[in-house]
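Colleague: Just need the structure, nothing else, for what follows:
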Amino acid sequence: IGGGPVGTTALALLGRAGLKAIGLERDTEMWPTARAVHFDGETMRTLQSLGVAEEFRKVTIPMKDVDVVNEADEVLVHAPTDLLGDQAWNDHISFHQPDIEALLRKVIDTTPGIELRCGVTATEFTSTGGGVEVTTVDASGTEQVLRARWLIGADGARSEVRRALGIETDKYGEDAPWLVVDGQLVGAPGYATDMIQFARYSRPALWLRLPGDRVRMEFMLVPGDNPEEIVTPQAVERISRGILPADKFTADRQAIYTFRGRIAQRWREGNVFLAGDAAHQAPPLFGQGLCAGIRDAVNLVWKMALVAAGSAEDSLLDTYESERKPHATFWVESAADQAVVIQTLDPNVAAGRDEFIRKNPEKSAVQVSPALGPGLHEGDRDERAGKLGIQPILADGTRLDDMVGSHFLVAADRALYEQLPPALKKALDEDADTVTLLDPLKIDQILDAANARVVVMRPDHYILGVGDTAADLERLVLNFVAHFTTVF
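Modeller: Predicted coordinates:
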């Protein structure tokens, strides 16, 4: 339920996994304005798996740098971000959301077994012995009952699915109202830096350059603001300090919304799962909101595919929440903490903050993505596991995922592989669900990054386990891979 980017990504992934699925979106037309504007390399890697990353790249731009600026326009932090990351894509990418959603819907239209029904509202759902029943009403008022094994509620921050399940959310940080304006800036330079966090005690603000002539600015509302006046072109010109002149900036979205940090207390209820903003919401300071939602979809779908195929027990789906919730909470907490840093309206507090940042600039760096929470990996016994694996780019320019696909990957030192029992080697070679790579030109970067001689990755590219001996390799194959594949 939900036809935004998280719901459509989940739908596309389900189709690519060979499952039949229906998406329900209450709006008849795609939302015309932007909300999310930032992807990271991991998200691009997911789009790569759908075969559309190159198309997406045509409508996105790499974010080249980020600044944190204080009231006196002093640059407290400057960070270059136009870098190719270890996911084989840029780590910071800006986009216009309608462009991205249109491309995702094209993927759905060309993928067998799935469909997105627009103008259809889910009015009720009930759990049955083997799944769920969903009552829907279309634009003409026609009612229909759909039956499915699972339901994914990706219906946004005001999720009706979450509400119907009676699931509360936990609050992180302090809520604050902000004005967001998106539009086209023509004939005015804007700022040279692609993203700026203005830690101004007079009015905290954000700036982001988007593809083409599009830009976004966000402004914290302060005491004395008139919500009706603050959205006018003249007010936007004033509070942007002339960066968005009324005669040169054409807004297509002006909205007052709330910076908030929330995590749903439960992400699964029987055969119903929450994903995206229905499960977690964060202030937009690290651009991880949509990225986190895409991670939800990826984590959940490959597990559903295994359960549907009879290769895994239903309990595997419990690891969706146990793995994703702590990971998403990390980003919500980080963004909420950063909001506290830039949102102060007290000049004395701001002065102390500025001095701290000058002395400790590394404290304002973008956080490194954490490991998953407990689940299907050996992170509890080896800190090298449970983390996102890298994607090498091969000598001919091929990204490794284009060779491996959405399979388990066993990357091993050939000398260790040769020590496996012959029957186990034969099973690995014949297993259609696992790709075994021994070529140093393809895997040395993976092994070096993990500081291991064996790395086993899951279909979502997170590291299931690592090892340094032939015994480690045999244990990983027998304890994990063999349980989810067909020939062992």
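Colleague: Mind jotting down where the helices sit in the protein?
Modeller: Counting by DSSP state H, the chain has helices at residues 5-16, 41-49, 53-58, 97-109, 160-165, 233-239, 289-308, 318-343, 347-359, 401-404, 414-417, 422-430, 440-450, 470-479.
Colleague: what comes up buried for the fifth one?
Modeller: Spelled out, it's helix 160-165. By neighbour count on 16 or more other C-beta atoms under 10 Å, the buried set for helix 160-165 is 160-162, 165. To be clear about C-beta, it is placed using only N, CA and C from the backbone, and glycine gets the same treatment.
Colleague: of all these, which comes closest to residue 398?
Modeller: Lowest distance from residue 398 to those (C-beta to C-beta) belongs to residue 161, with 39.9 Å.
Colleague: thinking again about what came up before, a markdown table please, covering the buried residues of helix 160-165 and showing pLDDT and distance to residue 40.
Modeller: Listed next are the buried residues of helix 160-165 as a markdown table, based on pLDDT from 0 to 100; distance: C-beta to C-beta, whole Å:
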| residue | pLDDT | distance to residue 40 |
| --- | --- | --- |
| 160 | 97 | 29 |
| 161 | 97 | 26 |
| 162 | 98 | 25 |
| 165 | 97 | 30 |
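Colleague: what's the pLDDT at residue 57?
Modeller: pLDDT, residue 57: 89.
Colleague: That one: how many residues sit nearby?
Modeller: Number of residues near residue 57 (other C-beta atoms under 10 Å) recorded here: 17.
Colleague: and what of residue 127?
Modeller: Using other C-beta under 10 Å, residue 127 is surrounded by 14 other residues.
Colleague: what's near enough to touch it?
Modeller: Shown in contact with residue 127 (C-beta atoms under 8 Å, 6 or more residues apart in numbering): 269-272.
Colleague: give me that answer again for 10 Å
Modeller: Going by C-beta atoms under 10 Å, 6 or more residues apart in numbering, residue 127 touches 133, 151, 165, 269-272.
Colleague: what do you get for residue 419?
Modeller: Residue 419 touches 413, 425, 469-471, 473-474, counting by C-beta under 10 Å, 6+ apart.
Colleague: quick one: low-confidence parts of this structure?
Modeller: Applying pLDDT under 70 to the chain picks out residues 365-366, 482-483, 485-488.
Colleague: So for it, the centremost residue is which one?
Modeller: Geometric centre of the chain, nearest residue: residue 291, 1.6 Å, by C-alpha atoms, centre = their mean.
Colleague: And that residue, how close does it get to residue 457?
Modeller: From residue 291 across to residue 457, the span is 19 Å (C-beta to C-beta, to the nearest Å).
Colleague: now residue 309
Modeller: For residue 309, the distance to residue 457 - C-beta to C-beta - is 19 Å.
Colleague: just residue 68 next, same as before
Modeller: Using C-beta to C-beta, we find residue 68 at a distance of 35 Å from residue 457.
Colleague: what does residue 322 give?
Modeller: According to C-beta to C-beta, residue 322 stands 19 Å off from residue 457.
Colleague: give the contact list for residue 403.
Modeller: Counting by C-beta under 10 Å, 6+ apart, residue 403 makes contact with 394, 409, 435, 437, 442.
Colleague: can you pull up the bridge partners for the second one?
Modeller: On the basis of DSSP bridges, residue 409 takes part in beta bridges with residue 435, residue 457.
Colleague: Run a quick neighbour tally on it.
Modeller: Each residue near residue 409 was counted by other C-beta under 10 Å, and the total is 26.
Colleague: thought it was touching residue 438?
Modeller: No - Residue 409 lies out of contact with residue 438 (C-beta atoms under 10 Å); the separation is 11.7 Å.
Colleague: Save the helices of the chain as JSON lines, and put in distance to residue 29 too.
Modeller: Listed next are the helices of the chain as JSON lines, based on distance: least, C-beta to C-beta, whole Å:
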{"stretch": "helix 5-16", "distance to residue 29": "14"}
{"stretch": "helix 41-49", "distance to residue 29": "23"}
{"stretch": "helix 53-58", "distance to residue 29": "21"}
{"stretch": "helix 97-109", "distance to residue 29": "11"}
{"stretch": "helix 160-165", "distance to residue 29": "20"}
{"stretch": "helix 233-239", "distance to residue 29": "26"}
{"stretch": "helix 289-308", "distance to residue 29": "20"}
{"stretch": "helix 318-343", "distance to residue 29": "30"}
{"stretch": "helix 347-359", "distance to residue 29": "44"}
{"stretch": "helix 401-404", "distance to residue 29": "33"}
{"stretch": "helix 414-417", "distance to residue 29": "54"}
{"stretch": "helix 422-430", "distance to residue 29": "49"}
{"stretch": "helix 440-450", "distance to residue 29": "44"}
{"stretch": "helix 470-479", "distance to residue 29": "48"}
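Colleague: Buried deepest among those helices, which one?
Modeller: Of all the helices of the chain, helix 5-16 carries the top mean neighbour count, a mean of 26, counting by mean count of other C-beta atoms under 10 Å.
Colleague: now it, how far from the centre of its chain.
Modeller: From the chain centre to the centre of helix 5-16 is a distance of 13 Å (C-alpha atoms, centre = their mean, to the nearest Å).
Colleague: Does it pack against any helices or strands, and if so which?
Modeller: The contact analysis (3 or more C-beta pairs under 10 Å, 6 or more residues apart in numbering; DSSP states H and E) places helix 5-16 against strand 21-25, helix 41-49, helix 97-109, strand 114-118, strand 151-153, helix 289-308.
Colleague: Now it - C-alpha only, PDB.
Modeller: Written as PDB, here are the backbone C-alpha positions of helix 5-16 (Å, rounded to 0.1, in the frame of the first residue of the first chain):
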ATOM      1  CA  PRO A   5       9.300   5.700  -4.200                       C
ATOM      2  CA  VAL A   6       9.500   3.100  -1.400                       C
ATOM      3  CA  GLY A   7       6.300   1.300  -2.400                       C
ATOM      4  CA  THR A   8       7.200   1.300  -6.100                       C
ATOM      5  CA  THR A   9      10.700   0.100  -5.400                       C
ATOM      6  CA  ALA A  10       9.400  -2.700  -3.300                       C
ATOM      7  CA  LEU A  11       6.900  -3.600  -6.100                       C
ATOM      8  CA  ALA A  12       9.600  -3.600  -8.700                       C
ATOM      9  CA  LEU A  13      11.900  -5.700  -6.500                       C
ATOM     10  CA  LEU A  14       9.100  -8.200  -5.900                       C
ATOM     11  CA  GLY A  15       8.500  -8.500  -9.600                       C
ATOM     12  CA  ARG A  16      12.200  -9.000 -10.400                       C
END
